[in-house]
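Peer 1: Below is the structure, and that's it, no one-letter string:
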């Protein structure tokens, strides 16, 4: 049995555990190998704004993803129009198969001042493209994250909603409850665990993305992943980069702790 799992175990240790341990140790050591907190002092001196910016961007994106996923799942489960539901199923899943770097490049074309979005609005007479402004800033990062991650969470939530006992839903309908009220008061409370799992996974994923903030925004403030790449590529400053990584691990750990605490409180039910 040990021989069967040995190759996988070696790969995990070599490609995940060792790099993680090395980065954590490097965050607390100087270039001379001496223990120090100077890396964290430099990190907070230079990148406090970017750390806050990252938290705000990821938090806002997570909230919007949750709302969008709940709306999509609710429409698929409660919709009285099967054709519209099938069309929505076909449309919302496309971003699942697109890498972040491709999504970022698509949004550069879509959200630019003379991009597809503004030109479409100009054709409809809604805006004048000459006076329009693009969204290639923090707004573009949020739009890209929400567009890319909503299908993942919506797929989980819609599956959990479809597995619910429809007796309560039909009873609420017979009593005259509207679809939004059924969604908020009956359906969502029963799939909250699944929704939280999807949002935590999306939160961690967005926290680690490099291509989107570089390609969509490229300005300051920016996200921590861009700062890490800059410290390594420009200064070979692995200590500061790993200090930023440690802060990212800590934020991820807090998100995981919130989920675990909720899971334990609910008896391990998702």
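Peer 2: Cool, the structure landed. Being a predicted model, the structure only gives us computed values, none of them experimental.
Peer 1: I'd like the mean pLDDT over the helix or strand containing residue 46, please.
Peer 2: Using DSSP states H and E, residue 46 maps to helix 38-78. On average, the pLDDT along helix 38-78 is 93.
Peer 1: How far off centre is it?
Peer 2: Distance of helix 38-78 from its chain centroid, counting by CA atoms, centre = their mean, to the nearest Å, is 7 Å.
Peer 1: By mean pLDDT, flag the weakest helix or strand of this structure.
Peer 2: helix 82-92 (a mean of 73; mean pLDDT, DSSP states H and E).
Peer 1: And stretch 248-265, what's buried?
Peer 2: Neighbour counts over stretch 248-265 (16 or more other CB atoms under 10 Å) mark 248-249, 251, 255, 259 as buried. To be clear about C-beta, it is placed using only N, CA and C from the backbone, and glycine gets the same treatment.
Peer 1: Which member of those is positioned nearest residue 18?
Peer 2: Within the buried residues of stretch 248-265, the smallest distance to residue 18 is 15.3 Å, found for residue 249 (CB to CB).
Peer 1: The closest one sits in which helix or strand?
Peer 2: Here residue 249, judged by DSSP H and E, is contained in helix 238-265.
Peer 1: average pLDDT for that helix?
Peer 2: Here the average pLDDT along helix 238-265 is 85.
Peer 1: Next: stretch 199-212.
Peer 2: 92.
Peer 1: Please enumerate residues in contact with it?
Peer 2: The contact list for stretch 199-212, computed with CB atoms under 8 Å, 6 or more residues apart in numbering, reads 54, 57-59, 61-62, 65-66, 100-101, 103-104, 107, 141, 144-145, 149, 152-153, 223-226, 229, 248, 251-252, 255-256, 258-259.
Peer 1: how far out from the middle of the chain is it?
Peer 2: How far stretch 199-212 lies from its chain's middle: 4 Å, per CA atoms, centre = their mean.
Peer 1: Buried residues in that stretch, which are they?
Peer 2: For stretch 199-212, the neighbour count (16+ other CB under 10 Å) marks 199-203, 206-207, 209-212 as buried.
Peer 1: likewise stretch 68-75?
Peer 2: Buried residues in stretch 68-75, counted by 16+ other CB under 10 Å: 68-70, 72-75.
Peer 1: Closest one of the residues you listed to residue 8?
Peer 2: Of all these, residue 8 sits closest to residue 69, with 32.4 Å by CB to CB.
Peer 1: Wait, the closest one touches residue 159, no?
Peer 2: No - assessed by CB atoms under 8 Å, residue 69 is found out of contact with residue 159, at 11.3 Å.
Peer 1: does residue 95 really touch residue 150, like I thought?
Peer 2: Yes - if you go by CB under 8 Å, residue 95 and residue 150 touch, sitting 7.4 Å apart.
Peer 1: For stretch 175-192, give me every contacting residue.
Peer 2: Residues from elsewhere that reach stretch 175-192 (CB under 8 Å, 6+ apart): 70, 73-74, 77-78, 157, 160-161, 164, 168-169, 172-173, 195.
Peer 1: on that earlier part again, what angle do the helix holding residue 249 and helix 38-78 make?
Peer 2: Here the directions of helix 238-265 and helix 38-78 differ by 40 degrees (axes from the mean of the first three to the mean of the last three CA atoms, to 10 degrees).
Peer 1: so what does helix 238-265 touch, helix or strand wise?
Peer 2: Using 3 or more CB pairs under 8 Å, 6 or more residues apart in numbering; DSSP states H and E, the elements in contact with helix 238-265 are helix 18-27, helix 38-78, helix 188-207, helix 224-235.
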